[in-house]
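K.L.:
I need the structure of the sequence given here:
(chains A and B)
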Amino acid sequence: MGAFIKRMGVPTFIVAAFLIIVLVSAFVLGLSVPVLISDALRRVGMNGLLVLAMVPAIKSGTGPNFALPIGIVGGLFALVCCMELNIVGFQLLLYSSLLTIVICVLMGWVYGKLLNAVKGAEMTIATYTGFSIVALFAILWLTVPFTNKKMGWMLGSGLRETIQMDAFHADEIISKIGMFNIGGAREVVDDVTTITGGVTIPTGILLLFLLGCLLVSLFFKTKTGIAIYAGGVNPRFAQASGLDTNRYRIIANIISTVLAGLGIIVYSQGWGYAQLYSAPLNMAFPAVAGVLIGGATASRATCVHVVIGVCLFQGLLTSAMPVSNVLFPGTDLPEIMRMIIQNGVILYALTQVKGGGR
Amino acid sequence: MANHFPGLSQDLDHLNRQKRDDQPVPGLHQPGGLLPQKQFKLGAFVLDNIVTIIFVAFVLLGFILAKQVAFSWFLTELSHRFYRNAFLVLSLIIPVVAGLGLNFGIVVGAISGQLALALVRYFYLGGLGGLALCFLIALPIAALFGWLTGLLYNKTRGQEMIASLIVGFFANGVYQFIMLFLVGAVIPVAAGHPMIMPNGVGIRMTVDMDTLKYALENIYQVPFEWTLVVMGGLALLYVLWSQFLRRYKPGKSRPTWFKFAMYLLGSLAVLILGLNTVLGEGLMDMVRDVPVATVALVLLLVVFTKWIMTTKLGQDFRSCGQNQYIAESNGINVNRIRIIATILSTVLAAWGQIIYLQNIGTLNTYGAHNQIGFFSVAAILVGGASVSKATVSQALIGTLLFNAMFIMSPEIGKAVFGQAILGEYFRTFMVYGVIGLALGLYVWKANKQSRVVLEPDDVLDQPVKNTLKK
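P.N.:
Got it, this is the predicted structure:
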C-alpha cells in the first residue's frame, strides 16, 4: 500500500480519496451525481489551459509558473480591446485570441529575460512579478480611455470589475459546441427538444483542452521541445552540449504565458464574466496546485499530469460545494478546504525540491 | 555533510581567500590613514539604494503635488502608523540574520496573536490585564506554530521565501477552519455570545475589542512636541559626543565633517520644531500625543534584538546566515538554530499583531492578518534591508518611509487624477513592486558576482544549487 501511494504521489492519492468520499456521500445524500459530474466537466474545460500553462515552465527548469497572472492580464487586455471595437460572438474570441498571442509573446519574452537574471529564486520572484503586474493593470483598467458602455462604469471612467460576456454574445459559446447529454429525460415540445437530467458533456471546451494538451506534448517531441527539456533536467550538461539554455528558457516561458492568456479567454467565456482588477491576483496558485495534484513535481510535469490533476482538483471543488451545503449549511467549508489542499500541495512539492541552502 | 555538498572544499578556499581580501586593516581606513578612502560612486550608490530612493522621491513628490495635505495631519497619521507597525517589522530581523530570508510567514504569528485575542475576548476580559493575558496566551501558541514553520523551512531549504508565503496562505486556511467551523461545531461555545455567529457556529467577521482598545495607549501619553524636544536634545548630545569625545575602536571611524554637519542640522531641526511649539504657537500642537507604553515596547524590542546579536545565540544566527555548511562543520546545529530563529520571529510577530490590533480597536477576524506579511516585508526592504542583511535602523526607517508612501498615495491620486482609488491601486502596486524589485535586484547582483567568482572551477559536479548565496 505504501509503495502504491508513493508511486501515485501523495497529493494525488489524498485528493483522489477525498473526491471518492465526497462523491459517495453525494450519492448517499441523494444529490444528483450526474449534475455534479456535468458541473465538474465544465470546470475542467474552463481551467484546463491555465493548468496546462505550467507544463512548459516546469519542463524548462524555472519551476511552476507562479507568474501566471502576467499571461492572464495579457489575455484580458486583448479581450477588452476587442470588446471596445464591439466585436461579438465567435469573432470576439478569435480576434482576442490572436491579439493575446501577440501581447503574451512580448510579455513572456520580457518575463523570460527577467527569469534568466534571477536564476535560483525563480519561484519567489515570479510570484511578486505576477502580483505587481496585476496591480499595474488595475491602474490601467481604471485609466484606459475606452468608451464602450457595455464594460464601463455607470459613472466616471474606467472599466467595470466584471464584464458580462453575454453582452457580447460570447458566454459559453465554445462550451456549447457539440454539447450533448448522456442519459436524462428527453422532452419534445413544439419541435424544441429539452433535456433534463443526465450528464452534460461540453464537447467543445473539452476538445479544446485536449487539443491544447496534444499540441504541447507534440511540441515537446520536436527539437526545440527536447532542447527545452534537456535544459530543465540538467542545465550545465545542456550548456556543455552546446545548447543556449537561456534562449530555451525564454521560449518555454513565452509558451506558458501565451497559454495563460488563451486560458483566461476560455475561462471567461465558460464562466460568463471577464473579471478584471484583483481577480487574477491569486489565479496562479490553484493552477500550480492543479498540476501538482496530477502527480507533477516542481521539476517534472507532463500533459498527463495536467489532465489527471485538473480532473481531480476541479472535480473535488465542484462536488464538495453541494455536499457541504447539505451537511454543514451556512459554513464556508469548501472554500476553506480549497485553501488548505491547494497550499498544502504546493508546500509538499516545495519540500521535495532538491538542493538549495547556502 | 560532504555527500550533500561535493564542492565544499572549493568553496572553503574561495571563502578564505575572499575573507583575507575583505579584512579591514585596523586604523587604515580612517580619514588621513594610509589607504585611500573608498571612492563614492553615484551609479553603485543608486543601484544599492534604489528602493529607498524611489520611496523618498515619491513622498516628496506627494508633498509637491497634493497641496491639500496638512503637514500636521501627515505627521499624526505617520506617527500613529509607526507606533503600531514597528514591532511587526522588527520581528523580521532575526530570520534574515539567520539566513532564512524574509519571513513572509509572520502571518502565522499574526494568526496566533488573533487566536489569543479571540480567546481573551470570549471571556469578556479587557483592559491592561486582558492585554497582558493576550501576550501570555499568544506565547505558547506562536511558539508551537513557529516550531512547525521552522521544521518546514528546514525541509524547503533554499526556497524559504516562497515557502513562507505559501505557509501563510496555508495557515490562513487552517485558521479559518478553526474559527469558522471548529468553534461551535466541535468546540462548545455559549450560544448567543456576541462574538459567535447567530447560528451558533463560527466567530463573527468583526470582534469588538471593548476595553482592550487603546489599553497600551491609555497608560500614559505625552504631547508630540515634548517628545520632539527630548529626542532632538538627545540626538544633539549624541552627535556632539560621537564627534568630539567618543573613543573609537580600531576599524571604526569618526563621521566625516560633512556627515557631522548633516546630523547636527537634522537634530537641531527636530529640537527647534519641538521648542517652537512648546514655547509659542507651532505646527506640532495639532499632532497626536505619543503613547509612551507602545513606544517603550518598540524600544524594548530594539534593545532585545541588538542584545541577542551579541550573545552566543546571535553569533550562531550570523554563522548560519553566512554559510550553513561552514556553520555545520564548526559544530553548530544549523537546523536547531534556524528553528529557534523562526520561533522567535513568530512569537514577536504574534505580539506585534496584538499591539497593532489593540490600536485598531476591532478585530477583523478573517482579514486582519492577510496583508501583514507583505506590508512588513515591503517596509523593511524600503529601509534598505535585503535577503541577507537587516538591521534595526533599516526596519525603523523603512516603517516610516513605507507608511509615508501609504498615506500619500491616495492623496496624490486625488490631487492629480481626481480619484483616490487610483492612488490605492498604485500603493498596492508599490507594495508588490518593491518586494519584487528588491528581491530581483538582490538575486541578480548575487548571480553576477557568483559568475565572476565561481564560474572558472565551478564545473559539472556541482548540483544546481540555490544561487541565493553571497
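K.L.:
and residue A:235, backbone torsions?
P.N.:
phi -60, psi -40 (degrees, to the nearest 10).
K.L.:
my guess is it contacts residue A:61. True?
P.N.:
Yes: shown here, residue A:235 and residue A:61 form a contact pair, counting by CB atoms under 8 Å, at 6.1 Å. To be clear about C-beta, it is placed using only N, CA and C from the backbone, and glycine gets the same treatment.
K.L.:
so those two - more neighbours on which side?
P.N.:
Between residue A:235 and residue A:61, counted using other CB atoms under 10 Å in any protein chain shown, the more crowded position is residue A:61 (25 against 19).
K.L.:
coming back round to it: between residue A:235 and residue A:61, which contacts overlap?
P.N.:
Here residue A:235 and residue A:61 have residue A:245 as joint contacts, going by CB atoms under 8 Å, 6 or more residues apart in numbering or on different chains.
K.L.:
am I right that residue A:86 is in contact with residue A:147?
P.N.:
No: contact criterion CB under 8 Å: residue A:86 and residue A:147 do not qualify, at 10.4 Å.
K.L.:
is residue A:96 in a helix, a strand, or coil?
P.N.:
Assigned with DSSP: H, G, I helix; E, B strand; the rest coil, residue A:96 falls in the helix class.
K.L.:
that one: what's it in contact with?
P.N.:
A:75, A:78-79, A:81-83, A:87, A:265.
K.L.:
what does the model give the residue nearest to residue B:209 when sequence neighbours are not counted for pLDDT?
P.N.:
Of all residues not flanking residue B:209 in the chain, residue B:361 sits nearest, at 5.6 Å (CB to CB, 6 or more residues apart in numbering or on different chains). Listed pLDDT for residue B:361 reads 86.
K.L.:
so residue B:361 versus residue B:215, what's the distance?
P.N.:
Here residue B:361 is placed at a distance of 10 Å from residue B:215 (CB to CB, to the nearest Å).
K.L.:
compare these two (neighbour count), which wins?
P.N.:
Using other CB under 10 Å as the criterion, residue B:361 and residue B:215 rank with residue B:215 on top: 23 against 12.
K.L.:
next, count neighbours for the residue in the stretch 201-350 of chain A that chain B sits nearest to.
P.N.:
For the stretch 201-350 of chain A and chain B, the shortest gap (CB to the nearest CB) falls at residue A:339, measuring 3.2 Å. By other CB under 10 Å, 21 other residues sit near residue A:339.
K.L.:
okay, strands next: where are they in the chain?
P.N.:
Picked chain A for this. Ranges of strands within chain A are A:162-164, A:180-182, A:185-189, A:192-196, A:199-201, A:273-275, based on DSSP state E.
K.L.:
my question was about chain B
P.N.:
Under DSSP E, chain B gives strands at B:206-208, B:221-222, B:290-291, B:362-364.
K.L.:
comparing these, which comes out most buried?
P.N.:
Among the strands of chain B, strand B:290-291 has the highest mean neighbour count (mean count of other CB atoms under 10 Å in any protein chain shown), at a mean of 22.
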